[in-house]
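In: Give me coordinates for this.
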Amino acid sequence: MKGGAADSFVMAHDVPSIFAGHYDPSFRLALCLKDLGLINGLMDAVGSRSEMTDATYARFREAGERYGQDAGEMTVCKLIEEDAGVALRVDGDWAKPWEVKHPSES
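Out: Below is the predicted model of the structure:
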């Protein structure tokens, strides 16, 4: 999917983390919950709704309850894996994205 229409930061950063089971800690669940709460507040203020945001917010709250709000945002994937009884691992040499140095740092 890389190099195609699905290519994005998520594809380059988050998907390898999920495949490796790293659950990148760089963006805390607490911040996700704050942002999702702001979105819900905005939707309420304009009299609209977003079932997808509601469902996302619920899963992130659940992840925060299970792992603590200081856990990284990607632990929501861990929550889904545990609940489904599956591991989303793919064999490969998956570097932790937060440990990869940019070529300009060499």
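In: pLDDT below threshold where in this protein?
Out: 1-2, 96-106 (pLDDT under 70).
In: For Ser17, see how far away the residue nearest the centre of it is.
Out: The centre of the chain sits closest to Met74, judged by C-alpha atoms, centre = their mean, with a distance of 3.6 Å. Using C-beta to C-beta, to the nearest Å, we find Met74 at a distance of 6 Å from Ser17. Any C-beta I mention is one placed from the backbone N, CA and C, and that applies to glycine too.
In: coming back round to it: tell me who's in contact with the residue nearest to the centre of the chain.
Out: Asp14, Ser17, Ile18, His22, Tyr23, Asp24 (C-beta atoms under 8 Å, 6 or more residues apart in numbering).
In: Also Gly68?
Out: Contact partners of Gly68, counting by C-beta under 8 Å, 6+ apart, are Leu29.
In: how close does it sit to Ala30?
Out: Taking C-beta to C-beta as the measure, Gly68 falls 9 Å from Ala30.
In: quick one: contacts of stretch 23-43?
Out: Counting by C-beta under 8 Å, 6+ apart, 13-14, 17, 49-50, 53-54, 56-57, 60-61, 63-64, 67-78, 96-98 sit against stretch 23-43.
In: gap between Arg89 and Leu42?
Out: According to C-beta to C-beta, Arg89 stands 37 Å off from Leu42.
In: With Ser26 instead?
Out: Per C-beta to C-beta, Ser26 is found 25 Å from Leu42.
In: Same check on Ala87?
Out: Going from Ala87 to Leu42 by C-beta to C-beta gives 36 Å.
In: cool, Asp91 as well?
Out: Applying C-beta to C-beta to Asp91 and Leu42 gives a distance of 42 Å.
In: Between the two, tell me which one has more neighbours.
Out: Between Asp91 and Leu42, counted using other C-beta atoms under 10 Å, Leu42 has the larger neighbour count: 12 against 7.
In: Helix or strand: which one has that one?
Out: Leu42 belongs to helix 29-45 when assigned by DSSP states H and E.
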